[in-house]
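In: Based on what follows, work out the 3D shape:
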Amino acid sequence: MLKRNQRLENSIYYGAKANTLAKAHDLRMNMTNPEKILWQKLRNKKLLGCKFRRQHAINQFVADFYCHEVKLVIEVDGGYHNNSDQKEYDKNRTIELENFGIKVLRFENNEVESNIEKVIQKIENYLKEITLPKSSPKGRT
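Out: You can find the predicted model right below:
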């Protein structure tokens, strides 16, 4: 077991400390309703065979959902994310995650609750965009 300030040096956690891992565990045990709805669509590689983890520790952050294979974080935001201080925090958090090469997609709670299929389609479109083989430029083989 990790001590409080000890870091987990596994690449999937990006140096997360024990307290962040503990917070992630607590959040997994207390998911919001929108998170539960989305989790049912992502779990067990249901979405294009991608393995998503829920409430996953990444450095000092806990991502709602994370697919390490494609370096994608999906966030489900409640109303408090409309607060200007929270918006600034979220913006900076996204920048820090992007510094790890991780893409962040955000959805609001009401999007997930009222139109989960549209949310899934947006995620699917992104996954297809990044996983489709890029064609070589004309004239090159």
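In: Point out the other helices and strands that the helix-or-strand element of the chain with minimal mean pLDDT packs with.
Out: Across the helices and strands of the chain, mean confidence by mean pLDDT, DSSP states H and E is lowest for helix 84-99: a mean of 92. For helix 84-99, the elements it packs on are strand 61-67, strand 72-77, strand 103-108, judged by 3 or more C-beta pairs under 8 Å, 6 or more residues apart in numbering; DSSP states H and E. Just so you know, the C-beta spots here come from the backbone N, C-alpha and C atoms, and that holds for glycine as well.
In: pLDDT below threshold where in the protein?
Out: 1-10, 80-81, 132-141 (pLDDT under 70).
In: center of this structure - which residue?
Out: Val73 (2.1 Å; C-alpha atoms, centre = their mean).
In: What residues does Thr32 make contact with?
Out: Going by C-beta atoms under 8 Å, 6 or more residues apart in numbering, Thr32 touches 76, 78, 109.
In: picking that back up, tell me which residues of the least confident helix or strand of the chain come out buried.
Out: 90, 93-94, 96-97 (16 or more other C-beta atoms under 10 Å).
In: Now tabulate these in JSON lines and tack on distance to Pro34.
Out: As requested, those are arranged in JSON lines below (distance: C-beta to C-beta, whole Å):
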{"residue": "Asp90", "distance to Pro34": "16"}
{"residue": "Arg93", "distance to Pro34": "19"}
{"residue": "Thr94", "distance to Pro34": "19"}
{"residue": "Glu96", "distance to Pro34": "24"}
{"residue": "Leu97", "distance to Pro34": "20"}
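In: Nearest residue to Tyr126 in space, please, no chain neighbours.
Out: Leu105 (6.3 Å; C-beta to C-beta, 6 or more residues apart in numbering).
In: Cool, thanks, talk later.
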